[in-house]
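Asker: give me the fold of what follows.
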Amino acid sequence: MERQISATKAYEESEDIGRNPSENATLGDVIGARFSRRDLLKGALAATAISSTVSPLALAVAEKAQAQGATPKFSFKEVTAGIDERHHVAEGYDADILIRWGDPIFADGTEFDPQAQTAEKQRRQFGYNNDFLGYFPIDGSNHGLLVANHEYTSEELMFPGLGMQDTKEADFKGMTKELVDIEMAAHGGSVIEVQRQNGKWSVVPNSKYARRITADTPMEITGPAAGHDRLKTQADPAGKQVLGMLNNCAGGVTPWGTWVTCEENINGYFWGKLADDHPEARNHKRYGVPGNRYAWGKWHERFDFAKEPNEANRFGWIVEIDPFDPNSTPKKRTAMGRFKHEGAAGITNKDGRYVVYSGDDERFEYIYKFVTRGTVNPNDRQANMDLLAEGTLYVGKYKEDGTGEWLPLVHGQGPLTEANGFRSQADVVIEARRAADLLGATKMDRPEDVEANPKTNKVYAMLTNNDRRKPDQVNAANPRPENKFGHIVEMTPDDLDHAGTKFRWEILVRCGDPSVAAVGATFSSATTKDGWFGMPDNCAVDNMGRLWITTDGNSGVTTGRSDGVWAMETEGELRGTSRHFFRCPTGAEMCGPIFTPDDETMFVAVQHPGEDGQDWPAFGRASTFDDPSTRWPDFKAGMPPRPAIVAITKQGGGQIGV
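Answerer: Residues are numbered from 1 along each chain as shown. I've put the predicted structure just below:
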């Protein structure tokens with residue numbers, strides 16, 4: 001494995017190998033055909049990559065707007081792009097550390113001591129690698145609950161003297177049951193109560209809402225797969241209760257005040273082998289199970305394929321949690337499908353149904369949406385608590401003429417029949433990927449976060465990259481083999497009906513350095529040298545309807561800059577203009593942007609600071625607990641880098657970015 005060279009790269013290689021064997025069209029194929037039909041590839045335009053995947057009218061308008069001094073929606077002074085040990089925010093803003101990995105969140109929690117960590121302590125402390133964040137008001141914008149996903153663990157940065165464990169050479173020799181149990185306790189999620197006083201945010205001590213969810217927290221399985229034979233195990237013969245949630249990446253917040261959190265790369269937690277003739281062999285291969293990235297199966301039989309081949313079917317779902325009730329049971333919503341969910345951002349449709357968009361974060365996978373059967377009752381929270389248990393799952397098909405169609409994943413319709421191995425809706429949702437293959441969905445370039453804008457009803461899909469595209473798949477409208485920088489797709493539902501099956505699509509921006517012609521980036525010409533980015537990952541729409549982008553994968557060897565937050569113009573003359581707002585410390589990924597209702601605070605999650613030290617030329621070697629590329633955010637000898645939540649506010653008060 002390559003993780004000894006680059007932790008993040010090898011993680012992507014093992015979790016994101018591109019397992020889609022279908023002959024379905026890729027988005028690159030569709031883009032190429034679409035723009036060929038518009039004759040954009042003739043003459044001089046054939047050599048102009050910048051015009052290939054974004055409307056040429058938009059580019060012309062943006063250039064004109066720049067010349068005429070059009071007024072942007074964002075008026076902050078950009079932070080300079082670059083890489084170093086610290087975080088940086090735009091001039092005139094404060095970026096304060098709110099909570100770090102290991103900080104106690106209960107009255108009986110102990111202070112973090114990396115030399116004496118235990119699983120018992122970790123269960124009472126903030127978890128590792130914070131990703132999605134959600135804010136739930138208690139008293140408006142100055143007092144509320146903050147929820148955080150804890151996606152995965154990085155042993156080489158967590159534990160003294162350990163180094164990489166999942167390389168072929170290491171073979172988990174340094175792992176023990178106690179270390180594995182700490183990892184399991186560091187997964188899941190956290191609920192904390194936060195308050196802003198005198199302009200500064202802090203965690204409310206001894207909060208009645210405080211909660212840690214781990215890989216061992218009991219959860220209820222709901223929807224069509226609940227109780228199905230394929231979810232039954234020795235520990236749960238009924239197939240209706242599972243312990244924990246794994247690899248929770250992005251998520252969403254519902255109008256009725258629940259947290260929806262997404263299980264993504266669940267395959268890595270299972271190890272062993274499954275016989276080719278096993279009934280689950282085809283299913284597990286499609287999801288890359290087992291991934292053999294963790295040693296959990298050595299001490300916990302449910303992660304060992306030889307003992308529990310059905311356990312993997314109990315992960316890969318969207319989980320709904322009530323953050324206001326620490327005694328409530330989280331619910332895995334199987335009606336919403338099983339895949340590597342990145343995001344569960346929703347919007348209340350004009351007919352009252354709730355619509356949730358989600359990407360399947362792997363090369364050549366698909367974009368989905370889920371439409372509830374029932375409607376949102378704004379006057380009765382309890383009436384909404386099981387809305388996500390019933391509804392219709394759809395997968396996207398992008399057509400050459402710029403239109404699209406949502407294809408229903410419903411048992412008995414089209415190819416989703418017993419003849420193809422689908423005996424019930426349970427089989428359809430358990431094998432959502434294979435069902436989408438048969439329906440002819442469009443293969444995308446790593447679809448991650450998908451977010452609807454309630455102000456405009458447009459939907460934005462972050463496509464991080466796809467460096468597996470081969471040179472013989474390139475065409476003039478899709479000129480980059482090994483798409484390293486990704487792009488953003490904008491969708492508009494027909495009649496502004498998110499529950500409908502028709503939509504229109506366009507490329508908002510194609511990412512990368514626009515000064516390098518071969519890259520073919522399509523940012524507006526008003527974008528500065530600091531304003532462009534690569535590898536879009538998460539996004540957020542603030543309460544004014546403006547789009548903010550966070551990234552994963554920028555580094556010294558990819559773009560020469562750290563990951564961070566960028567503000568993106570989506571409307572008017574400056575459409576496609578990006579501005580750099582926040583910069584991560586070296587090795588960190590930027591996650592979880594979320595705003596308070598008054599837009600005066602942006603919370604962001606800095607994940608895995610210090611990873612991949614060799615990708616920062618100034619450090620130039622593997623980064624470990626004992627020799628990290630940064631000691632952010634504490635900068636104390638002996639203290640490792642710690643994932644943390646940052647609260648960003650404007651000096652003197654006021655809305656972010658205005």
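Asker: can you give me the helices for the protein?
Answerer: Taking DSSP state H as the test, the helices found in the chain are 7-15, 27-37, 56-68, 119-122, 155-158, 177-186, 281-287, 425-430, 432-439.
Asker: in the protein, which helix or strand is least confident?
Answerer: The helix or strand of the chain with the poorest confidence is helix 56-68; it has a mean of 50 (mean pLDDT, DSSP states H and E).
Asker: quick check on the closest residue in space to Arg546 that isn't next to it in sequence: phi, psi?
Answerer: In space, and not counting its chain neighbours, Arg546 is closest to Lys73: 5.6 Å by C-beta to C-beta, 6 or more residues apart in numbering. In this view, the C-beta of every residue, glycine as well, is placed from N, C-alpha and C. Backbone torsions of Lys73, given as degrees, to the nearest 10, read phi -80, psi -20.
Asker: residue contacts, Lys73?
Answerer: 544, 546, 567, 569, 571, 574, 657 (C-beta atoms under 8 Å, 6 or more residues apart in numbering).
Asker: pLDDT below threshold where in this protein?
Answerer: By pLDDT under 70, the weakly predicted segments of the chain are 1-18, 32-70, 469-470, 472-481.
Asker: tell me, how many residues neighbour Asn465?
Answerer: 28 (other C-beta atoms under 10 Å).
Asker: right, and Lys350 touches Leu496 too?
Answerer: Yes. The criterion here is C-beta atoms under 8 Å, and Lys350 meets it with Leu496 at 6.7 Å.
Asker: from Val194, how far off is Lys200?
Answerer: 11 Å (C-beta to C-beta, to the nearest Å).
Asker: ok, the residue nearest to Arg546 to Arg579 distance?
Answerer: 10 Å.
Asker: only whichever of the contacts of Lys73 are buried, select them in ChimeraX.
Answerer: The buried residues among those can be selected in ChimeraX (16 or more other C-beta atoms under 10 Å) with this line:
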select :546,567,569,574,657
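Asker: closest to Arg19 among the contacts of Lys73?
Answerer: Distance to Arg19, by C-beta to C-beta, is smallest for Ala567 among those, at 34.8 Å.
Asker: what residues are bridge-paired with that closest one?
Answerer: Listed by DSSP bridges, the beta-bridge partners for Ala567 are Trp548, Arg579.
Asker: residues contacting it?
Answerer: 73-74, 76, 546-549, 578-579, 581, 657.
Asker: one more: Val489?
Answerer: By C-beta under 8 Å, 6+ apart, the neighbours of Val489 are 27, 398, 460-461, 463, 505-508.
Asker: in CSV: the contacts of Lys73, plus distance to Gly291.
Answerer: Putting the contacts of Lys73 into CSV (distance: C-beta to C-beta, whole Å) gives the following:
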residue, distance to Gly291
Met544, 41
Arg546, 38
Ala567, 36
Glu569, 39
Glu571, 41
Leu574, 43
Gly657, 39
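Asker: looking at the contacts of Lys73, which is nearest Lys177?
Answerer: Distances from Lys177 to the contacts of Lys73, taken by C-beta to C-beta, are shortest for Ala567, at 46.3 Å.
Asker: from Asn543, how far out is the closest one?
Answerer: Distance of Ala567 to Asn543, computed by C-beta to C-beta: 14 Å.
Asker: need the strands for the stretch 251-400 of the chain, in chain order.
Answerer: Per DSSP state E, counting those that start in this stretch, the stretch 251-400 of the chain carries strands over the ranges 259-263, 318-321, 331-333, 341-348, 353-360, 363-365, 367-375, 391-398.
Asker: neighbours around Asn198, how many?
Answerer: 4.
Asker: hmm, back to that, can you redo the strands of the stretch 251-400 of the chain as JSON lines with distance to Pro633 and mean neighbour count?
Answerer: Formatted as JSON lines, the strands of the stretch 251-400 of the chain follow (distance: least, C-beta to C-beta, whole Å; neighbours: other C-beta atoms under 10 Å):
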{"stretch": "strand 259-263", "distance to Pro633": "24", "mean neighbour count": "27"}
{"stretch": "strand 318-321", "distance to Pro633": "27", "mean neighbour count": "28"}
{"stretch": "strand 331-333", "distance to Pro633": "33", "mean neighbour count": "26"}
{"stretch": "strand 341-348", "distance to Pro633": "26", "mean neighbour count": "26"}
{"stretch": "strand 353-360", "distance to Pro633": "30", "mean neighbour count": "26"}
{"stretch": "strand 363-365", "distance to Pro633": "33", "mean neighbour count": "24"}
{"stretch": "strand 367-375", "distance to Pro633": "35", "mean neighbour count": "22"}
{"stretch": "strand 391-398", "distance to Pro633": "39", "mean neighbour count": "24"}
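Asker: in JSON lines, list these along with distance to Glu183.
Answerer: Converted to JSON lines, these look like this (distance: least, C-beta to C-beta, whole Å):
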{"stretch": "strand 259-263", "distance to Glu183": "16"}
{"stretch": "strand 318-321", "distance to Glu183": "19"}
{"stretch": "strand 331-333", "distance to Glu183": "21"}
{"stretch": "strand 341-348", "distance to Glu183": "21"}
{"stretch": "strand 353-360", "distance to Glu183": "25"}
{"stretch": "strand 363-365", "distance to Glu183": "26"}
{"stretch": "strand 367-375", "distance to Glu183": "29"}
{"stretch": "strand 391-398", "distance to Glu183": "32"}
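Asker: tell me which of those sits nearest to Arg293.
Answerer: strand 259-263 (14.7 Å).
Asker: which strands border that closest one, and is each parallel or antiparallel?
Answerer: strand 248-253 (antiparallel), strand 318-321 (antiparallel).
Asker: with distance to Val450 as extra columns, can I get these in a markdown table?
Answerer: Formatted as a markdown table, the strands paired with strand 259-263 follow (distance: least, C-beta to C-beta, whole Å):
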| stretch | distance to Val450 |
| --- | --- |
| strand 248-253 | 9 |
| strand 318-321 | 13 |
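Asker: which one of those lies closest to Met444?
Answerer: strand 248-253 (15.8 Å).
Asker: now the closest one - C-alpha only, PDB.
Answerer: C-alpha atoms of strand 248-253 as PDB (Å, rounded to 0.1, in the frame of the first residue of the first chain):
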ATOM      1  CA  ASN A 248     -19.300   9.600   9.200                       C
ATOM      2  CA  CYS A 249     -18.300  12.300   6.700                       C
ATOM      3  CA  ALA A 250     -20.800  15.000   5.700                       C
ATOM      4  CA  GLY A 251     -24.500  15.300   6.700                       C
ATOM      5  CA  GLY A 252     -27.300  17.700   7.200                       C
ATOM      6  CA  VAL A 253     -29.800  19.400   9.500                       C
END
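Asker: contact partners of that strand?
Answerer: Contacts of strand 248-253 (C-beta under 8 Å, 6+ apart): 131-132, 134-136, 149-151, 187-189, 259-265, 319, 341-346, 356, 361, 448-449, 538, 591-592, 594.
Asker: specify the beta-bridge partners of the nearest residue to Val30 once chain neighbours are set aside.
Answerer: Nearest residue to Val30, sequence neighbours excluded (C-beta to C-beta, 6+ apart): Tyr398, at 4.9 Å. For Tyr398, the beta-bridge partners are Gly404 (DSSP bridges).
Asker: wait, Tyr398 sits on Phe503?
Answerer: No. Using C-beta under 8 Å as the test, Tyr398 is too far from Phe503 to be in contact (9.1 Å).
Asker: mind listing what the nearest residue to Arg124 once chain neighbours are set aside touches?
Answerer: What sits nearest to Arg124 in space, not counting adjacent residues and going by C-beta to C-beta, 6+ apart, is Gly109, at 3.9 Å. Residues in contact with Gly109 (C-beta under 8 Å, 6+ apart) are 121, 124-125.
Asker: repeat for Ser555
Answerer: Counted by C-beta under 8 Å, 6+ apart, Ser555 has contacts 83, 562, 587, 612, 615-616.
Asker: Gly102: which of those is nearest?
Answerer: Gly587 (18.1 Å).
Asker: if I look at the residue nearest to that closest one when sequence neighbours are not counted, how far off is Met245?
Answerer: Closest residue in space to Gly587, ignoring its immediate chain neighbours: Glu611 at 4.1 Å, by C-beta to C-beta, 6+ apart. Glu611 sits 23 Å away from Met245, taking C-beta to C-beta as the criterion.
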